[in-house]
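Asks: sequence first, predicted coordinates after that:
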Amino acid sequence: MKLIRTENYAEMSLEAGKFIVDKLRSNPSLTLGLATGSTPKGVYEYLIQDHEENETTYKQVKSVNLDEYIGLPAEDPNSYHYFMSQNLFNHLDISENHTHIPNGAASDLEQECLRYEKLIKELGGVDLQILGIGQNGHIGFNEPGTPFTSRTHIVTLDQNTREANSRFFNSLDEVPTHAITMGTASILESKEILLLVSGESKAEALFKFINGEISEEFPASVLKNHQNVTVIADRDALKYI
Ligand code: F6R
């Protein structure tokens with residue numbers, strides 16, 4: 001595992017952005033695994049700016065997102081479909097049918113999980129997966145206790161996760177209770193993983209990730225079994241390291 005230390009959120013985003021663009025230059029038909037949330041927003045801003053200034057193209061790129069809330073239609077401003085369109089896809093030359101996000105409004109959610117898992121296989125797997133980390137160590141929405149063997153599945157969100165994400169909603173009650181997420185095993189099959197960690201609220205999680213044992217009680221710890229992981233963290237997140 002490689003750890004890149006940065007001063008702050010802006011520098012973390014810049015380093016991660018350069019990292020991704022380098023990969024795109026050597027493989028323009030990359031399959032990118034994407035995350036939502038606060039952490040990758042700055043990276044997406046970098047990718048948009050780079051696309052505008054340096055004409056990096058996404059015409060052959062395919063993307064698969066980690067997760068989606070259950071019960072929110074794609075047009076809902078709190079859905080991850082909406083987040084991805086607003087914060088990335090609408091600003092790149094990526095074709096809409098190359099972007100994939102689990103459908104949290106599907107009528108048959110079990111079937112949707114199987115479809116998504118099959119889709120990832122058909123795409124030849126994820127070349128580079130971008131991840132954030134939850135304060136409880138979750139990756140995607142694989143909450144503590146999720147088996148390391150899990151595939152795309154339906155999860156009940158932890159109270160801690162719902163509280164952390166309530167900042168985007170009018171109230172905690174509005175935060176969905178369930179989500180679809182790529183499983184831990186699905187994530188671990190990515191050829192390469194880029195984990196981004198920013199801010200003091202993640203310092204404890206980063207400490208546990210680096211120093212703790214590999215355990216299903218701390219899902220991110222499984223990344224230590226992967227051969228090609230880069231962590232880019234900022235000074236606040238590295239407080240205890
Ligand atoms: C989002 C995702 C989550 C987030 C994590 C951190 O698609 O899979 O695991 O990466 O909850 O969220 P932020 O970046 O908002 O702190």
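Replies: Alright, I've got the coordinates.

Asks: rest of the way, CA atoms for contacts and neighbours
Replies: Will do.

Asks: does the helix or strand of the chain with the lowest mean pLDDT reach the ligand?
Replies: One helix or strand of the chain scores below all others by mean pLDDT, DSSP states H and E: helix 159-165, with a mean of 93. No: shown here: helix 159-165 not in contact with the ligand (CA under 6 Å from any ligand atom), separated by at least 6.9 Å.

Asks: pretty sure residue 142 sits against residue 154.
Replies: No: if you go by CA atoms under 8 Å, residue 142 and residue 154 don't touch, sitting 9.5 Å apart.

Asks: which residues are common contacts for these two?
Replies: Counting by CA atoms under 8 Å, 6 or more residues apart in numbering, the contacts common to residue 142 and residue 154 are residue 181.

Asks: more neighbours, these two?
Replies: residue 142 (33 against 23; other CA atoms under 10 Å).

Asks: pLDDT wise, what is that one at?
Replies: For residue 142, the pLDDT comes out at 97.

Asks: do the longest helix anywhere in the chain and the ligand meet?
Replies: Using DSSP state H to define each element, the chain has its longest helix at helix 9-26. No: applying CA under 6 Å from any ligand atom, one finds helix 9-26 separated from the ligand by no less than 11.4 Å.

Asks: identify each buried residue in that helix, please.
Replies: 9, 11, 12, 13, 14, 15, 16, 17, 20, 21, 24 (16 or more other CA atoms under 10 Å).

Asks: can you pull the contacts of the fifth one?
Replies: In this structure, residue 14 makes contact with 42, 43, 46, judged by CA under 8 Å, 6+ apart.

Asks: for those residues, which one is nearest the ligand?
Replies: residue 42 (10.5 Å; CA to the nearest ligand atom).

Asks: surely the closest one is in a helix?
Replies: Yes: counting by DSSP: H, G, I helix; E, B strand; the rest coil, residue 42 is located in a helix.

Asks: number of residues surrounding it?
Replies: Residue 42 is flanked by 19 other residues according to other CA under 10 Å.

Asks: I'd say it and residue 10 touch.
Replies: Yes: in this structure, residue 42 is within contact of residue 10 by CA under 8 Å, at 6.9 Å.

Asks: please report how far residue 189 lies from residue 41.
Replies: Per CA to CA, to the nearest Å, residue 189 is found 24 Å from residue 41.

Asks: more crowded one of those two?
Replies: More crowded of residue 189 and residue 41, by other CA under 10 Å: residue 41, with 17 against 14.

Asks: list the residues that contact the more buried one.
Replies: Contacts of residue 41 (CA under 8 Å, 6+ apart): residue 87.

Asks: can you check the one 4 residues further on too?
Replies: Residues in contact with residue 45, defined by CA under 8 Å, 6+ apart, are 87, 88.

Asks: tell me which helix or strand it sits in.
Replies: According to DSSP states H and E, residue 45 maps onto helix 41-54.

Asks: centre of the chain to that helix, how far?
Replies: From the chain centre to the centre of helix 41-54 is a distance of 17 Å (CA atoms, centre = their mean, to the nearest Å).

Asks: what is the mean pLDDT for the helix or strand just after it?
Replies: Next helix or strand after helix 41-54 toward the C-terminus (DSSP H and E): strand 62-65. The average pLDDT within strand 62-65 is 98.

Asks: much appreciated, bye for now.
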